[in-house]
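K.L.:
build me a model:
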Amino acid sequence: MKISDGWKDYSIIATGDGMKLERWGQVCLLRPDPQVIWKSSSDLYAYPGIHAVYRRSNRGGGGWEKRKPFPEEWQINYKDLTFKIRPMGFKHTGLFPEQAANWDCMRSLIEGERQRFPDKKIKVLNLFAYTGGATVACAKAGAEVTHVDAAKGMVERAGENARLSGINSGIRYIIDDCAKFVAREIRRGNRYDAIIMDPPSYGRGPGGEMWKIEDNLFSFVEQCAKVLAENPLFVLINSYTTGLQPCVISNILKLTLKNFSGEVQAYEIGLPTEEGIPLPCGNSGIFIGKR
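P.N.:
Okay, the predicted model is just below:
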């Protein structure tokens with residue numbers, strides 16, 4: 001498991017009974033986590049510093065129960081990156097802090113390539129890119145990033161995160177269905193040195209396009225391989241779908257990228273907790289091109 005343990009503005013205070021208690025800067029939130037199937041050692045709801053609790057509704061969805069005043073949105077930092085945090089309707093905050101381990105890995109690969117080839121423009125394609133954590137990390141390392149997501153609001157948030165991190169150029173923002181965008185890039189003959197994707201389990205594109213990860217991921221990665229440069233730097237897939245174990249992601253990368261020279265690593269990602277146990281947060285796999 002890769003643990004994202006470099007945070008100073010974020011921490012998991014405690015877990016149990018399907019919930020996790022988190023500190024986001026100066027704001028403490030208690031919200032559900034499907035991986036937390038163990039019992040809590042204390043009453044998390046009684047923690048004195050809680051600002052808000054996410055309550056599920058019997059009718060589906062849910063909402064935030066505010067206990068103490070806190071800003072509608074605020075900022076936290078990860079190393080030299082800055083992100084806007086805003087609790088949203090479906091328990092999310094606009095950032096997945098466990099991805100920091102992947103950000104660090106991608107930044108290291110990009111920075112290493114730039115050292116070897118100082119004049120090279122490293123083109124990265126970030127698909128299902130959400131609010132741009134990976135986009136900002138790669139751009140900060142000096143890559144030119146194409147950021148693609150079907151949700152206009154999330155793409156706008158990505159732009160805000162980039163500007164907060166001091167990035168005012170080098171990112172192209174695209175609001176589109178990812179499969180349709182990749183198909184057009186194939187026809188155009190455009191190529192990328194690296195591809196990142198964090199596909200949802202289920203989803204719909206802006207035109208009603210259906211996505212189901214078990215049915216569509218393999219063929220989608222096959223298509224993405226067609227927009228890779230001759231000697232790609234990396235391809236990273238992240239999944240929160242519990243059925244896609246690291247070995248599954250590894251197999252997909254090995255089979256779809258068999259014509260490229262490199263190695264594949266696959267692993268769980270997680271976060272440390274103040275209880276001393278890691279919280280699993282999904283699975284990732286990365287193809288690293290041979291250099």
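K.L.:
got the contact list for D193?
P.N.:
Counting by CB atoms under 8 Å, 6 or more residues apart in numbering, D193 touches E113, I122, K123, V124, A143, L228, A229, P232, L233. C-beta: built from backbone N, CA, C; applies to glycine.
K.L.:
quick one: which of these is nearest to M88?
P.N.:
The shortest distance between M88 and any of the contacts of D193, using CB to CB, involves V124 and amounts to 26.1 Å.
K.L.:
what about G132, distance to Y78?
P.N.:
Distance of G132 to Y78, computed by CB to CB, to the nearest Å: 13 Å.
K.L.:
quick revisit: neighbour count and pLDDT added to the contacts of D193, as JSON lines?
P.N.:
Below are those laid out as JSON lines (neighbours: other CB atoms under 10 Å; pLDDT from 0 to 100):
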{"residue": "E113", "neighbour count": "21", "pLDDT": "98"}
{"residue": "I122", "neighbour count": "21", "pLDDT": "98"}
{"residue": "K123", "neighbour count": "19", "pLDDT": "98"}
{"residue": "V124", "neighbour count": "27", "pLDDT": "98"}
{"residue": "A143", "neighbour count": "28", "pLDDT": "98"}
{"residue": "L228", "neighbour count": "22", "pLDDT": "98"}
{"residue": "A229", "neighbour count": "14", "pLDDT": "98"}
{"residue": "P232", "neighbour count": "22", "pLDDT": "98"}
{"residue": "L233", "neighbour count": "25", "pLDDT": "98"}
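K.L.:
closest to M19 among these?
P.N.:
The shortest separation between M19 and any of the contacts of D193 is 35.4 Å, and it belongs to V124 (by CB to CB).
K.L.:
partners of the helix or strand where the closest one lies, with directions?
P.N.:
Per DSSP states H and E, V124 falls inside strand 123-127. Strand 123-127 has the following sheet partners, assigned by DSSP bridges: strand 144-149 (parallel), strand 194-197 (parallel).
K.L.:
need those in a markdown table (columns: distance to P32 and mean pLDDT).
P.N.:
Output for those, formatted as a markdown table (distance: least, CB to CB, whole Å; pLDDT from 0 to 100):
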| stretch | distance to P32 | mean pLDDT |
| --- | --- | --- |
| strand 144-149 | 24 | 98 |
| strand 194-197 | 25 | 98 |
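K.L.:
low-confidence ranges, the stretch 151-291 of the chain, go.
P.N.:
By pLDDT under 70, the low-scoring segments of the stretch 151-291 of the chain are 205-207.
K.L.:
can you pull out the strands in it?
P.N.:
Along the stretch 151-291 of the chain, counting by DSSP state E, counting those that start in this stretch, strands occupy 171-175, 194-197, 202-204, 210-212, 234-239, 262-271, 279-289.
K.L.:
can I get those in CSV with distance to P69 and mean neighbour count?
P.N.:
Compiled in CSV, those are given as follows (distance: least, CB to CB, whole Å; neighbours: other CB atoms under 10 Å):
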stretch, distance to P69, mean neighbour count
strand 171-175, 33, 17
strand 194-197, 37, 26
strand 202-204, 35, 13
strand 210-212, 39, 14
strand 234-239, 34, 24
strand 262-271, 27, 18
strand 279-289, 28, 21
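K.L.:
neighbour-wise, which of G132 and Y78 wins?
P.N.:
Using other CB atoms under 10 Å as the criterion, G132 and Y78 rank with G132 on top: 30 against 23.
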